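Q: turn this into a structure:
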Amino acid sequence: MHPEYDIVLVLSTDQPLISKETITSIIKKHKESKPAITMGTIIVPDYLQWRAGMMNFGRIIRSADGTVEKNVEFKDATDAEKGLKEVNPAIYCFDRQWLWGNINALKNDNAQGEYYLTDLIGLARSQGKSVEAVPVANIMEGIQPNSKQELALLEELTA
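A: Now for the predicted structure:
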C-alpha cells in the first residue's frame, strides 16, 4: 500500500474560503505526527457580526494539558461548553485504517438523532489514540453559508 494513500481527507462542501495552505498544513501535520485524527480548529473572539454562524459549530473540549479530548456539537453542549471559543470548522485527516476500523462504532444518541463524524474524536481518545489540532490562521475560512442571508454576507465580505 502506498503511504500517501493511508490518510482520508474530509472537507465540508460549504466552505468556499478554505485555502490550499490550510489543507496542506493539516495534511503535513498528520503525516508528521501520525495520529488517528488531525483536525483544523478555529478560535473566534466572539460570535458577533460575520462570525455569528460559527455559534452553531461544535466546540473543542481539551484536557487540562491542552490535549483535544472531544468535540461537542452545539445542540448537545452545556451552557458552559457553548461559551467556548475554539470551534470545529470540519476539516479532518484520518488514518485510513483507524477510520475504517471504527466508523461503524458511531451512534446517533444525541439531540439531533444524527451520526456525528465528530464523535470519532472522543472515540479515538477513549482508545488512547492521539488527536492533533491545527489552528486555521484565517478564521474566515470557516464560514459555511447555510442560508440566503449567510450567503449574502459571504458575498459582501469577499467582494
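Q: show the pLDDT at the closest residue to Ala77 other than its chain neighbours.
A: Spatial nearest neighbour of Ala77, excluding adjacent residues (CB to CB, 6 or more residues apart in numbering): Arg59 at 5.6 Å. From N, CA and C alone the C-beta is placed, and that goes for glycine too. Arg59 is assigned a pLDDT of 98 by the prediction.
Q: secondary structure element for Arg59?
A: If you go by DSSP states H and E, Arg59 is part of strand 58-62.
Q: kindly report the same for Tyr92.
A: strand 91-95.
Q: my guess is the residue nearest to Ala77 contacts Val87. True?
A: Yes - if you go by CB atoms under 8 Å, Arg59 and Val87 touch, sitting 6.2 Å apart.
Q: list the buried ones in the least confident helix or strand in the chain by mean pLDDT?
A: Ranking every helix and strand in the chain by mean pLDDT, DSSP states H and E puts helix 148-158 at the bottom, with a mean of 82. Across helix 148-158, burial judged by 16 or more other CB atoms under 10 Å covers 150, 153-154.
Q: helices or strands up against that helix?
A: The helices and strands touching helix 148-158, judged by 3 or more CB pairs under 8 Å, 6 or more residues apart in numbering; DSSP states H and E, number zero.
Q: give me the contacts around that helix.
A: 16-17, 50, 53, 140, 143-145 (CB atoms under 8 Å, 6 or more residues apart in numbering).
Q: how distant is it from the center of its chain?
A: On the basis of CA atoms, centre = their mean, to the nearest Å, helix 148-158 sits 22 Å off its chain's mean C-alpha point.
Q: going forward, the N-terminal residue is numbered 27.
A: Done: numbering now begins at 27, and the last item shifts to helix 174-184.
Q: would you list every one of the strands in this protein?
A: Applying DSSP state E to the chain gives strands spanning 33-37, 63-69, 84-88, 94-98, 112-114, 117-121, 157-161.
Q: pLDDT on stretch 89-109, on average?
A: Per-residue scores along stretch 89-109 average to 95.
Q: just put the buried residues of helix 174-184 in TSV and tack on distance to Ser38.
A: What follows is these, written out as TSV (distance: CB to CB, whole Å):
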residue	distance to Ser38
Glu176	14
Leu179	17
Leu180	14
